[in-house]
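A.B. asks: What follows is a predicted protein model with its sequence.
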Amino acid sequence: MLKIKLSRIGKKKHPIYRLIVLEVGRDPYGKSLEILGTWDPHTKDLQVKADRVKHWIEHGAQMTDTINNLFVEKKIVEGKKVNVSALGKKAKDAAKKATEAKKAAELAEQTPKEEVKPEVSADAEVVSDKVETPEVAEAEVQTEAKE
């Protein structure tokens, strides 16, 4: 499969990129099938052979997300921009925790809520809705006797 990519050239701390067509998995700094143009990110200058870009796209070449966004911005190709920014490790972990918490909340809403009944020991008496243990019953009898 062919891909239209960026290949970095230029000076240290001042990159300029070539737009190239090459096979997926090949080294972008090695031999390419064709150089389609250049892009200077500092001046936002894009020099590209639009007819050759369209030719390669017609023949099945795919574009990287950054290339797609550049071409859509300069109206060389029609379509929507793609979100390119990558999340850092901390942001990925936070997003993962947020989705897990959301799923847990949805699961809690879906499961029917059961009444929690207090555990009753074998020697306890059930009087209406109250549960009385022998110790509680004795304490109540003593308070009634004092009155």
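C.D. replies: Cool, the structure landed.
A.B. asks: So for stretch 34-47, first residue to last residue, what's the gap.
C.D. replies: 14 Å (CA to CA, to the nearest Å).
A.B. asks: what do you get for stretch 16-32?
C.D. replies: End-to-end span of stretch 16-32 (CA to CA): 17 Å.
A.B. asks: now stretch 2-9: how far from the chain's centre is it?
C.D. replies: Relative to its chain's centre, stretch 2-9 lies at 26 Å (CA atoms, centre = their mean, to the nearest Å).
A.B. asks: ugh, wrong one, stretch 95-111
C.D. replies: Taking mean C-alpha positions (CA atoms, centre = their mean), stretch 95-111 and its chain are 15 Å apart.
A.B. asks: How about stretch 16-26?
C.D. replies: The answer for stretch 16-26 is 27 Å, by CA atoms, centre = their mean.
A.B. asks: Show residues contacting it.
C.D. replies: Stretch 16-26 has contacts (CB atoms under 8 Å, 6 or more residues apart in numbering) with 1-10, 28, 30-41, 48, 53, 56, 61, 67. C-beta here means a position set from N, CA and C on the backbone, and glycine is covered the same way.
A.B. asks: Please indicate which of those are buried?
C.D. replies: Listed as buried from these are 2-7, 32, 34, 36-39, 48, 53, 56, 61, 67; burial here means 16 or more other CB atoms under 10 Å.
A.B. asks: Let's see which of those end up in helices.
C.D. replies: By the criterion of DSSP state H, membership of the buried ones among the contacts of stretch 16-26 in helices covers 53, 56, 67.
A.B. asks: Pretty sure the last one sits against residue 7.
C.D. replies: So the one you mean is residue 67. No - the criterion here is CB atoms under 8 Å, and residue 67 misses it with residue 7 at 11.2 Å.
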